[in-house]
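Asks: The amino acid sequence is not available; the structure is as follows:
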């Protein structure tokens, strides 16, 4: 019983002109797919990678190629962010495809996958077509999108998985709303097998998660309604049972707790087709970041206890967590400058994804290639994207970054329209120098031929 | 079901009731199909009426709406000379609160010879059969069995292809709710055909492979090299909640059109138990294509098969009651 093979088609920015050949010399090549970590060169030809290797340019670079001296910086497959809220259509005052694309380019992200909780929601092929057209016009990063699991996010009727898949949807999710009805979730996991698609679930039991922050001492002191950590494992454990029943593909978004990680770990050991991601704030911050009712630290699921934060780090280190996604959730001041309980949840993350993730490497928790895998091969594998590899023939999507460069995060200079980040003045190491999509430089200094 | 095995050995059919294909042997099925063949000839002749069942009473007891099955049984009974009475749920006392068993007992007291029963609940026909003295034919119970449909499908195929043995048959669509699928899977398996089911996973019952079929989610894959393509009706009346998201998506991926049919053998034939939802599970023009579609043949065979079933199930009565009851027509050929 094999699903029909429908390849996801990227909503590719159409190249204005063929970029020709570009030679990246003197780069630290990091390819998580092959395990390569070596100084060498990489040649792109048009929109594809032609070749790479330590001795590629031993006999000089091709005459017609534009040469870029990477000066020993890290060159990796372009990063993939599998969880981004674009806010377009519907809330263009918070973010647009263009502003999000610029933010992504600055963050070293060359492919981003949009959540379907726009207005209107992506439950119809027409909205997907709109997104594709806007992405083409923007001509920056590659934009993919999920379809919703249920019509209008109401949690009842399934959307047209087949037609949406044909029009480019790379998976199905109700965004920040969990599919609460067990029968609907069962049918979603089952029906999606027809098209080999993955169902991505927001891991919070809706009835238990109407609070404002993590349930615990801090919430008690602040007098805020808590969301228990159990709300997450209840939803995840139920879904894993349904997964076993249906044999579909299941992805848990934003894993934040020890218990749900344990459930996922056991399911993986059993051989179930389950993957999961988390966002940098869940392994960087804990509930104390809420501090003095800082609504920029309000997010769903909420920032958890320190022991849960450590469990997320452990999950990343032992491979239980496959992907780090920014969970980019832009909000304007009016949505955040409110009493904590009524402020919108969400954190912008496109421009801090890489440095916050690299902290895992800098503090010795995870190897560099393993961190990069969670930003490249991990999401590419789950969503079936033709991205995340330096192999000859792969798309020439590249990220060049300075691994050790220290800097302080300053949301005020973010390209994103919204600045709702709790990481103001947070010290990080690792700075993006150049982003390349289909061979075209979309961020970084201009290089003149012969440079 | 085999309390008349001894007489049946003589008369060709070992069962008192026809509740399902489950429990029939290849020989019994062949016997019914052979008998049906002779009734096809009768139905095509000028004088379609016999007096085989003269004086016998057949009651069509339908707890669920039906046009073609009820008409087909009615015609079959009348052509055999029986008195046929139709009872449908709207005119029955069920609406007044009478239970299924009460209805059965009431009808039983009227001494019918055959009850043809259709009921929306699986197992209801068997329950009723346990309470009456006459023969019972299952005219379709819930999502369980519809044996005369499977027999007429088999007859239709056999008359076109000569035999069922070794044929590759794809049953496509709403397998989950389909009694036609369940009866056909049984019958085709018994007769040596290779059966595939093709449906979205939400319309495939759990463990369907254990019934001896191969399951596919993709029409082109599943139809590859098939001799026969059986389409099923999307049974929206049995569906609670969304099994498929929309009609247009269903037709796009699981509706039979010329393009998908190309995956099957070049001479593959199309069947549908009716009533068809044109543009939902089958392309309208394809359904009417007389070179590919057996849909009208199926209706014709339906009457003959039901005559054969009425004949076979009343033989023991006739042989017990009267020495002159030897078959005048439609004996084993």
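Replies: Nice, I can see it. Source: prediction; values computed, not measured.
Asks: what bridges to residue B:137?
Replies: Beta-bridge pairing for residue B:137 (DSSP bridges): residue B:18, residue B:116.
Asks: Report how many residues lie close to it.
Replies: 23 (other CB atoms under 10 Å in any protein chain shown). All C-beta spots, glycine's among them, are computed from the backbone N, C-alpha and C.
Asks: Against residue B:60, how distant is it?
Replies: 9 Å (CB to CB, to the nearest Å).
Asks: so what sits against both of the two?
Replies: Common neighbours of residue B:137 and residue B:60 (criterion: CB atoms under 8 Å, 6 or more residues apart in numbering or on different chains): B:73, B:116.
Asks: who's in contact with the residue in the stretch 51-200 of chain B that chain A sits nearest to?
Replies: Per CB to the nearest CB, residue B:200 is where the stretch 51-200 of chain B lies closest to chain A, at 4.8 Å. Residue B:200 sits next to A:190-191, A:194, B:217, B:243-244, B:250, B:253-254 when contact means CB under 8 Å, 6+ apart.
Asks: where does residue 150 fall, phi/psi-wise?
Replies: Because you didn't say which chain, this covers chain A. When read as degrees, to the nearest 10, the backbone of residue A:150 gives phi -120, psi 150.
Asks: mind listing what it touches?
Replies: Applying CB under 8 Å, 6+ apart to residue A:150 gives the contacts A:123, A:156-159, A:174, A:179, A:184, A:188.
Asks: Would you mind measuring from it to residue B:150?
Replies: For residue A:150, the distance to residue B:150 equals 37 Å [CB to CB].
Asks: Repeat that for residue A:61.
Replies: Computed as CB to CB, the residue A:61 to residue B:150 distance reads 73 Å.
Asks: Give me every residue in the stretch 151-300 of chain B lying close to chain A.
Replies: B:200-202, B:215-218, B:220-221, B:241-246, B:248-249, B:252-253 (CB under 8 Å from any CB of the partner chain).
Asks: how about a cut-off of 10 Å?
Replies: Proximity of the stretch 151-300 of chain B to chain A is confined to B:199-204, B:206, B:209, B:214-222, B:240-246, B:248-250, B:252-254 under the rule CB under 10 Å from any CB of the partner chain.
Asks: Among these, name the ones in helices.
Replies: Secondary structure from DSSP state H places B:219-222, B:248-250, B:252-254 of these in helices.
Asks: Please, where are all the helices along chain B?
Replies: Taking DSSP H as the criterion, chain B contains helices spanning B:5-11, B:26-44, B:68-79, B:100-108, B:124-129, B:147-161, B:179-190, B:219-223, B:247-254, B:258-261, B:284-287, B:295-321.
Asks: next one: the stretch 1-150 of chain A
Replies: For the stretch 1-150 of chain A, the helices defined by DSSP state H, counting those that start in this stretch cover A:97-106, A:125-138.
Asks: For chain B, which of the ones you listed is the nearest?
Replies: helix A:125-138 (10.2 Å).
Asks: Now do that closest one against helix A:97-106: the angle between them, please.
Replies: Put simply, helix A:125-138 runs at 60 degrees to helix A:97-106, going by axes from the mean of the first three to the mean of the last three CA atoms, to 10 degrees.
Asks: helices and strands around helix A:125-138, which ones?
Replies: With contacts defined as 3 or more CB pairs under 10 Å, 6 or more residues apart in numbering or on different chains; DSSP states H and E, the packing partners of helix A:125-138 are helix A:97-106, strand A:109-114, strand A:142-147, helix A:161-166.
Asks: Quick check: mean pLDDT of the second one?
Replies: It refers to strand A:109-114. Here strand A:109-114 scores 96 as its mean pLDDT.
Asks: Direction included, what does it pair up with?
Replies: strand A:79-84 (parallel), strand A:142-147 (parallel).
Asks: Work out the gap between that strand and the centre of the chain.
Replies: Its chain's C-alpha centre lies 7 Å from the corresponding centre of strand A:109-114 when counted by CA atoms, centre = their mean, to the nearest Å.
Asks: Repeat that for stretch A:219-227.
Replies: Distance of stretch A:219-227 from its chain centroid, counting by CA atoms, centre = their mean, is 30 Å.
Asks: which residues touch the nearest residue to residue B:145 once chain neighbours are set aside?
Replies: Excluding the flanking residues, the one nearest residue B:145 by CB to CB, 6 or more residues apart in numbering or on different chains is residue B:20, at 3.7 Å. Going by CB atoms under 10 Å, 6 or more residues apart in numbering or on different chains, residue B:20 touches B:1, B:125-126, B:138, B:141, B:144-147, B:150, B:179, B:182-183, B:186-187.
Asks: and of those residues, the nearest to residue B:77?
Replies: Looking at the contacts of residue B:20 and their distance to residue B:77, the nearest is residue B:138, at 15.7 Å (CB to CB).
Asks: How many residues are close by that closest one?
Replies: Residue B:138: 29 surrounding residues under other CB under 10 Å.
Asks: from the stretch 301-450 of chain A, which residue is nearest to chain B?
Replies: residue A:384 (16.6 Å).
Asks: element containing residue A:265, please.
Replies: helix A:258-270 (DSSP states H and E).
Asks: name the helices or strands packed onto that helix?
Replies: Counting contacts by 3+ CB pairs under 10 Å, 6+ apart, helix A:258-270 packs against helix A:230-246, strand A:249-252, strand A:274-278, helix A:306-317.
Asks: and that helix, which residues are buried?
Replies: Neighbour counts over helix A:258-270 (16 or more other CB atoms under 10 Å in any protein chain shown) mark A:258-265, A:267-268 as buried.
Asks: Which residues are in contact with the closest residue to residue A:30 other than its chain neighbours?
Replies: Of all residues not flanking residue A:30 in the chain, residue A:76 sits nearest, at 4.6 Å (CB to CB, 6+ apart). By CB under 10 Å, 6+ apart, the contact list for residue A:76 reads A:27-32, A:108, A:354, A:368-369, A:372-373, A:375-376, A:388, A:390, A:397-401.
Asks: For beta bridges, what are the partners of residue A:76?
Replies: residue A:399.
Asks: how far away is it from chain B?
Replies: As judged by CB to the nearest CB, to the nearest Å, residue A:76 and chain B stand 37 Å apart.
Asks: Do you know the pLDDT at that residue?
Replies: Listed pLDDT for residue A:76 reads 98.
Asks: and it, how far is that from residue A:389?
Replies: From residue A:76 over to residue A:389 (counting by CB to CB), the distance is 10 Å.
Asks: what's the answer for residue A:406, then?
Replies: In this view, residue A:406 and residue A:389 are 30 Å apart by CB to CB.
Asks: still on that earlier bit, present the helices and strands packed on helix A:258-270 as JSON lines; the columns should include mean neighbour count and distance to residue A:337.
Replies: Shown next, in JSON lines, are the helices and strands packed on helix A:258-270 (neighbours: other CB atoms under 10 Å in any protein chain shown; distance: least, CB to CB, whole Å):
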{"stretch": "helix A:230-246", "mean neighbour count": "21", "distance to residue A:337": "27"}
{"stretch": "strand A:249-252", "mean neighbour count": "24", "distance to residue A:337": "32"}
{"stretch": "strand A:274-278", "mean neighbour count": "25", "distance to residue A:337": "27"}
{"stretch": "helix A:306-317", "mean neighbour count": "20", "distance to residue A:337": "27"}
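Asks: who wins for proximity to residue B:174 among those?
Replies: Closest of the helices and strands packed on helix A:258-270 to residue B:174 is helix A:230-246, at 18.0 Å (criterion: CB to CB).
Asks: how distant is the closest one from the center of its chain?
Replies: From the chain centre to the centre of helix A:230-246 is a distance of 22 Å (CA atoms, centre = their mean).
Asks: which residues of the chain score low on pLDDT?
Replies: In the absence of a named chain, chain A is used. In the predicted model of chain A, residues A:1-18, A:446-451 satisfy pLDDT under 70.
Asks: Correction: the question concerned chain B.
Replies: When residues are selected by pLDDT under 70, those of chain B lie in B:1-12, B:89-98, B:237-241, B:320-333.
Asks: so who does the residue sitting nearest the centre point of it touch?
Replies: Chain B has residue B:149 as the residue nearest its centroid, 1.5 Å off, counting by CA atoms, centre = their mean. Residue B:149 makes contacts with B:21, B:68-69, B:72, B:138-140, B:178-181, B:183-184, B:187, B:273-274, B:298, B:302, B:305, as judged by CB under 10 Å, 6+ apart.
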